[in-house]
Every structure is written in structure tokens, then in C-alpha cells.
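**Q** this is the structure alone, sequence omitted:
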């Protein structure tokens, strides 16, 4: 028993939805494309799970946040896939893959074959057991990676309004869930081993602003330590969290956000891996030319920085998916993926965006006691990264453009003084003109650029010299 498709997308997250939309725009035929997902629902915008989904009033629910509404595109409901002849194979786990034979075997025993495979398997949440702590199966211990996790988290939150929450982890999930818990009138304590929140991205100064704001909302921070064990009641629910530093925290709900791990196990030993993901080229093509990888699972070359990276963010998933489909459908017209790393978050009334790389020296600017501030990162004399809180659409766009241009920075003090104005000014400058291409034919070389006067003069002299030589040479041959 089996089915065959031209194109198969393995994974039903954000990237799958954006890839499907791009396939339809590029003329995929009915019945050629299949999406296989372990989740029972069509692809959706995963960021909604830690934001609108957790609100106590007018929460986001499917079908409102199916892809591709996150990029102001069409909302792809199950009906949309049916109308476009795209097969959704939902609630289905693939237990093995054979890239040489181009087949996938499902847990139910069905073989699905393909000509081109796009791996969009994303990543899974790291569990406490992987760090030597048991208790993840307790009814009030929650992770957040998919809709099922989000529904479970909402149910537990509703059962303990006014109670105590312990959030393990100070990254994206920790910060966004902590904000939602506060909005749901739950007392929150955050625990993480780093010196400050969002340690992989924020500087201490930036982190301090957000920590102060969270504390003003009643959130408590315990830093530099980790969870060591849980205490349970007779029903198996967690009642307290014990930390390695000896602290004991009462808990009605525990939210765990300690990182993710790319889902690569099906392809280990078959495809080249790097940075814990599947290594791909600038076309998002793996070491097997019939297999592409996108989103969290893909390790791709970031042209701006000249190195391979694996990025864990929705924007990368959306754009890499679209580029992979373009490379598959129109390879001769598709260049290399030229992506500017981009991260963002919205918590409470705040909203920040980051572009590029947080390498080198950070230069902070703006009013860190107010609502609009930011930072630039300078590495080897060039601006390589930028961060802005509280900006307008135009200001965020300016930060992105300035970061992509990588302007030379000679005076850090002056950069700090100019602050946001620097990006606004740089972004308005026209890019340096590129030299037009040379057109080469069998008989001549035509320059598609203006000829300066001296070029013309030199040409005339050269032509006259050649003509004179030809005349002289012809007369000599007659003499022979």
C-alpha cells in the first residue's frame, strides 16, 4: 500500500504552509504536492501559541491563525488545500526515510514516495529528563511547542488563577509565557542559570530594562541556578520546585522553556549534518540533490556573514520555505538565499526587533528609562547587528537596511550620539551603483555603459592604427 507524489513536504509547521503557498504561485499541478504532519491540524503560525492564544479575553484560536496570515498573506485553511489539490496527510508520524529510494514509511505502514522532498520537521522542545530531572508527565508541568501543548497550558492556567507559577528558562518561551501568566493573574517566578534573561541575544543593559519592567508587573527572578527536583501531592501534581541553590518555590503550575533540538533523526547517516541541523547550500538543497531542508532544521549559508548558521525563528522558516520552492520550480532563475537574520518579540505593551548578528562591541543608544531605545553591534569596524524597542514601521525598516549595508564605523561615541538617526540616514542613501554587465557575442564585445571621451579617443586612435597597419601589410604582400 502506498502513494506517490512529485513533491512531499515532511512536517506541518510554519514552513510547510509558506512552501505550499509558493508552490501554488509557481504553478504546481493538482495532486503533485503532499504535506505530511504529525499534528492533526493544517499548518499554522506557531508564534500565536505564546502570545494571543494565551490571552484570557478574546484569545486566538484556529482557524484564525493558519498560515500565512503572519506575513499578511492568504489564510490557508483545510478547504484551501483541498481546492488547490494539495494532499494533507495529518496526524501521521513517519518512522523511517530512505533518501536513496526516495520513500517515507509511516507508522501505519504506508509508503509514500516522492521525486523532491522538503524537510520541514522543525524542532522539539527539550525535556527536563534530558537534564536529569523527572516529572515532565505531571499534570501541571507544561511545555509549549504545538497546539496540543497550548491547549493544555490554557487549561492548567484557568485552574489556578491567583496561584503560583514557576517558569523554568529565560529565553523566548520563558519571557513570553511569563507575560501571559501575569495577564492571567498568576504570580510568576522565573528561574534560569544565566546572569540575565535572553542571554543568547540581549546585552546586560538591554536585559535589565525588560527585567525591571517584568518586576514592576510582579514577576520575580532567580538567576544563576537551575531546577533540581519537584515535590508532588498524592495525585501526582507538582506542589513545589526545588532549586540547586537550596531554594524551594511553591508551584501550582510549572512552565518549561529550556530550548529545542532539531528533528533530524530520520536522516542521520543519510544526509550531511552541521550545527545540529541538516546542512544545505544556497538553494536550501541538502547533500542529496532531491532533498531540501527549511526552517529550524536547516543549517544554511548566511551570505552576509560568510558562514553556515541554523536559525530558530519564524521569519527564517517563512523565507527559507519560499526560497526552496523557487529553487525547485525555477532553478535557473533563483539565486542563492540571501537572508538577513531577524528576530522579534511582543510582550505586554512592548515590541522589539533585532537584525543581523550580536557579535563584537555593543553601542547602546536612546532612552533606557523611556519607551524607545536600541543598540548596534560593531565587529571589525563594521555595523553587523541592530536592536530597537518601541520603533515605528519605518524605523524598523531603516534598522534592517542599515544592518544589511554593513557600513564602516569609525567613531563609536559619535554612533551612540546619533543613535536611531544613524540608521535613518544610512538607509536613505542610494546604494553604490553596480557596474552594468558585459555582453559578449561571438563577433564583438559590447560594453553596456557610457563611454567617456578618452575611451572614444583611444578607440579612434586604435582603429586608425589597425587600419594603417592593414593597408601597409596589404601593400607588402602585393610586392611579394
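**A** Sure, I can see it. Predicted model only: the values in this text are computed from it and were never measured.
**Q** quick check: residue 156 touching residue 142?
**A** Yes: judged on Cβ atoms under 8 Å, residue 156 makes contact with residue 142 at a distance of 5.9 Å. Every residue, glycine included, has its C-beta placed from N, CA and C.
**Q** overlap in contacts, those two.
**A** residue 253 (Cβ atoms under 8 Å, 6 or more residues apart in numbering).
**Q** could you measure from the closest residue to residue 54 other than its chain neighbours over to residue 157?
**A** The shortest distance from residue 54 to any non-neighbouring residue, by Cβ to Cβ, 6 or more residues apart in numbering, is to residue 180 (3.7 Å). Going from residue 180 to residue 157 by Cβ to Cβ, to the nearest Å gives 8 Å.
**Q** overlap in contacts of those two?
**A** residue 54.
**Q** residues touching residue 86, list them.
**A** Contact partners of residue 86, counting by Cβ under 8 Å, 6+ apart, are 20, 23, 24, 28, 33, 34, 35.
**Q** just the ones of those residues in strands?
**A** 33, 34, 35 (DSSP state E).
**Q** can you map out the helices along the stretch 301-450 of the chain?
**A** 314-329, 393-405, 412-418, 420-428 (DSSP state H, counting those that start in this stretch).
**Q** could those go into CSV alongside mean pLDDT and distance to residue 75?
**A** Formatted as CSV, those follow (pLDDT from 0 to 100; distance: least, Cβ to Cβ, whole Å):
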stretch, mean pLDDT, distance to residue 75
helix 314-329, 98, 14
helix 393-405, 98, 22
helix 412-418, 98, 41
helix 420-428, 96, 32
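**Q** go through those helices and name the closest to residue 351.
**A** helix 393-405 (9.2 Å; Cβ to Cβ).
**Q** and of the contacts of residue 86, the nearest to residue 229?
**A** Nearest member of the contacts of residue 86 to residue 229, counting by Cβ to Cβ, is residue 35, at 41.1 Å.
**Q** wait, doesn't the closest one sit right on residue 43?
**A** Yes: with contacts defined as Cβ under 8 Å, residue 35 counts as touching residue 43 at a distance of 7.2 Å.
**Q** identify each buried residue in stretch 37-51, please.
**A** 37-39, 41-51 (16 or more other Cβ atoms under 10 Å).
**Q** what's the spacing between that stretch and its chain's center?
**A** Centroid displacement of stretch 37-51 relative to its chain, using Cα atoms, centre = their mean, to the nearest Å, is 15 Å.
**Q** ok, now stretch 389-396?
**A** With Cα atoms, centre = their mean, you get 20 Å for stretch 389-396.
**Q** give me the buried positions along it.
**A** Quick answer for stretch 389-396 (16+ other Cβ under 10 Å): 389, 390, 391, 395, 396.
**Q** equivalent analysis for stretch 96-106, please.
**A** 97, 99, 102, 103, 104, 105, 106.
**Q** does the fifth one really touch residue 8, like I thought?
**A** This points to residue 104. Yes: judged on Cβ under 8 Å, residue 104 makes contact with residue 8 at a distance of 6.9 Å.
**Q** overlap in contacts, these two.
**A** By Cβ under 8 Å, 6+ apart, the residues touching both residue 104 and residue 8 are 36, 112, 114, 117.
**Q** and those residues, which is closest to residue 214?
**A** Distances from residue 214 to the shared contacts of residue 104 and residue 8, taken by Cβ to Cβ, are shortest for residue 36, at 39.8 Å.
**Q** next helix or strand past the helix or strand hosting residue 191?
**A** Element membership of residue 191 [criterion: DSSP states H and E] is strand 187-192. As assigned by DSSP H and E, the chain's next helix or strand after strand 187-192 is helix 204-216.
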